[in-house]
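Enquirer: Fold the following for me, if possible:
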Amino acid sequence: AIPSNSITAIMGPSGCGKSTLLKLLNGDTIPSGGKVFLFNQELSTNWDYLKTQIGYVPQDDIIHSKLSVFECLMFNTKLKLGNIDNDEIKSKINKILKELGMYDKRDCLISDLSGGQRKRVSIAVELLTDPLILFLDEPTSPLDPQSIDNFLETLKLLSKRGTTVVMVTHKPEDLEYTQEVIFMSDKGHIVYYGKSDDYKSYFNVNTVISVFSKITGEQANYWISKYVNPRPLNVSSKFSQPIERTSSSIFNQFFWLTYRYFKIKTNDSFNTFILISQAPIIAILICIIFSKITSVVIFMITISAIWLGTQNAVREIVAESSIYKRERMYNLEIVPYIFSKLFVLSLFSVIQSLIFVSILTIHFNSNSNSSSLSLNNPEIVFLLMFFTSFVSSIVGLYISSIVKSTERGISV
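Expert: This is a model prediction of the structure:
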């Protein structure tokens, strides 16, 4: 039982299950046994109600690198909290950025930030919804000592305001800022849970490193058998009532997801240029190889449409899987997410098909004679190419949803 308004650290050797425990506590993973209670309410059966009270920052970044810091926070606010006043959004964002020491970076692209700065932006995303409990997976690992001090002071401020913080950490100095600590041994056994000031006397050591040597290997069995839960869970019949959140509608999510996706593409101008330039490059190569229209040219047009459609889409879901998973945990609906992708990808298909068919029309119609075919209905060819490319984009998105890396998706 973790007390409210406290900061609790989870420590232990690599692979002992710290992140797994964190995921079980925040609802990311369903437990195979036992139950998790938040505010005296069982988490899995009250998930739709409780999920909006939870903030969670995993080890992977949960932010789009091709947005500015302000754009990232603004889109997240719109997606999670619905149509709230723009001035209120700006005020809230600026306040959080100042508290995290990131206000001077508000207009910088996230891709230009350091690892520690990106971690703070990820945390800022979660603070937008004023969570009552905040789960952090190794938040201080990419930070320098000065940034760690500032960051942990911010966590102390949050806990005083009413946010309960639970974080996985490997850094002994982090314990100076926490009230509680959980030490885990191999295979997920808890060997200590109590005040951060008391673990040294419990293990009869002077440093955290000495604790690690005692809770790994054969010595761990002694501490596993010695451990007794100092604070058993006592679920009362009286339920605490967290704050009721406003929700974002499906149409609102579709609009802001589409806007965000389009903004990501326009901000990433180089890759977008490479994406679109494939169409004229392939069309020009066809013009160089073929002087007149044959069945092979029609075949090449079809293959090109399939290639362009799948190539446009095959990275889009897998590349942001950690972001999708976190937003899905909060309130993201699948239908507006998929349709926002298809809407923007269809715009790319229109542009690529238009350029592609225009080049072929100019080439073959200028070279045609009475004995050769010409593209006398380029608009029909354009429509056929666009629809083929669009359907291929759907195939690309499907591939992107089942593979585990962008490289594997491209290979498929």
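
Enquirer: Locate the residue most central in space within the chain within the secondary structure: which element?
Expert: Centroid-nearest residue in the chain, with CA atoms, centre = their mean: Ile323, separated by 1.4 Å. Per DSSP states H and E: Ile323 is located in helix 321-330.

Enquirer: could you point out which element follows that helix?
Expert: Downstream of helix 321-330 (by DSSP H and E), the next one is helix 334-367.

Enquirer: quick one: buried residues of that following helix?
Expert: By neighbour count on 16 or more other CB atoms under 10 Å, the buried set for helix 334-367 is 336-342, 344-346, 348-349, 352-353, 355-361, 363-364. C-beta here means a position set from N, CA and C on the backbone, and glycine is covered the same way.

Enquirer: For the very next helix or strand once past it, which residues meet the burial criterion?
Expert: Per DSSP H and E, the first helix or strand lying C-terminal to helix 334-367 is helix 378-402. By 16+ other CB under 10 Å, the buried positions in helix 378-402 come out as 378, 381-382, 384-386, 388-390, 392-394, 396-397, 399-400.

Enquirer: Closest to Leu38 out of these?
Expert: Nearest to Leu38 among the buried residues of helix 378-402, counting by CB to CB, is Ser400 at 33.3 Å.

Enquirer: correct me, but that closest one touches Ala313?
Expert: Yes: shown here, Ser400 and Ala313 form a contact pair, counting by CB atoms under 8 Å, at 6.3 Å.

Enquirer: so what does the lowest-mean-pLDDT helix or strand in the chain touch, helix or strand wise?
Expert: Lowest mean confidence among the helices and strands of the chain (mean pLDDT, DSSP states H and E): helix 145-161, at a mean of 82. For helix 145-161, the elements it packs on are strand 7-11, helix 115-127, strand 164-168, judged by 3 or more CB pairs under 8 Å, 6 or more residues apart in numbering; DSSP states H and E.

Enquirer: of the ones you listed, which approaches Ile410 most closely?
Expert: So among the helices and strands packed on helix 145-161, helix 115-127 is nearest, using CB to CB, at 25.0 Å.

Enquirer: Check which residues of that closest one are buried.
Expert: 116-127.

Enquirer: What lies in contact with the helix holding Ile323?
Expert: If you take CB atoms under 8 Å, 6 or more residues apart in numbering as the criterion, helix 321-330 is touched by 27-28, 51-52, 54, 56, 58, 60-64, 79-80, 129, 317, 332, 334, 337.

Enquirer: Mind checking which of those land in strands?
Expert: Counting by DSSP state E, the contacts of helix 321-330 place 54, 56 in strands.

Enquirer: Narrow the contacts of helix 321-330 to just the buried residues.
Expert: In those, the ones that pass as buried (16+ other CB under 10 Å) are 27-28, 51-52, 54, 56, 58, 61-64, 79-80, 129, 317, 332, 337.

Enquirer: pLDDT weak spots in the stretch 151-300 of the chain?
Expert: For the stretch 151-300 of the chain, applying pLDDT under 70 flags the ranges 235-247.

Enquirer: can you give me the helices in it?
Expert: Assigned helices in the stretch 151-300 of the chain, in chain order: 199-203, 208-214, 220-226, 250-267, 269-289, 295-313 (criterion: DSSP state H, counting those that start in this stretch).

Enquirer: what packs against the last one?
Expert: Right, the one you point to is helix 295-313. helix 269-289, helix 334-367, helix 378-402.

Enquirer: Output those as TSV; include the columns distance to Gly101.
Expert: Output for the helices and strands packed on helix 295-313, formatted as TSV (distance: least, CB to CB, whole Å):
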stretch	distance to Gly101
helix 269-289	29
helix 334-367	32
helix 378-402	36
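
Enquirer: Select, out of those, the one closest to Asp107.
Expert: Of all these, helix 269-289 comes closest under CB to CB, at 16.8 Å.

Enquirer: what comes up buried for the closest one?
Expert: Within helix 269-289, the residues scored as buried using 16+ other CB under 10 Å are 275, 278-279, 282-283, 286-287.

Enquirer: again, but for stretch 98-116
Expert: 99-100, 102, 105-106, 109-110, 113, 116.

Enquirer: Widest-spaced pair of the residues you listed?
Expert: Taking CB to CB as the measure, those span a maximum distance of 21.6 Å, between Glu99 and Leu109.

Enquirer: quick one: low-confidence parts of the stretch 1-150 of the chain?
Expert: Along the stretch 1-150 of the chain, the parts satisfying pLDDT under 70 run over 142.

Enquirer: if you set the cut-off to 80 instead, what comes out?
Expert: Across the stretch 1-150 of the chain, the ranges flagged by pLDDT under 80 are 82-84, 115-116, 140-148, 150.

Enquirer: before we move on, back to that, now tabulate the helices of the stretch 151-300 of the chain in JSON lines and tack on distance to Phe135.
Expert: Formatted as JSON lines, the helices of the stretch 151-300 of the chain follow (distance: least, CB to CB, whole Å):
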{"stretch": "helix 199-203", "distance to Phe135": "21"}
{"stretch": "helix 208-214", "distance to Phe135": "21"}
{"stretch": "helix 220-226", "distance to Phe135": "25"}
{"stretch": "helix 250-267", "distance to Phe135": "24"}
{"stretch": "helix 269-289", "distance to Phe135": "33"}
{"stretch": "helix 295-313", "distance to Phe135": "32"}
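
Enquirer: Of all the ones you listed, which one comes closest to Asp87?
Expert: Of all the helices of the stretch 151-300 of the chain, helix 250-267 comes closest under CB to CB, at 17.6 Å.

Enquirer: what helices or strands is the closest one leaning on?
Expert: helix 69-81, helix 334-367.

Enquirer: Next, format the buried residues of stretch 98-116 as CSV and append secondary structure and distance to Leu73.
Expert: Shown next, in CSV, are these (DSSP: H, G, I helix; E, B strand; the rest coil; distance: CB to CB, whole Å):
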residue, secondary structure, distance to Leu73
Glu99, helix, 13
Leu100, coil, 11
Met102, coil, 10
Lys105, helix, 11
Arg106, coil, 8
Leu109, strand, 13
Ile110, helix, 10
Leu113, coil, 13
Gly116, helix, 17
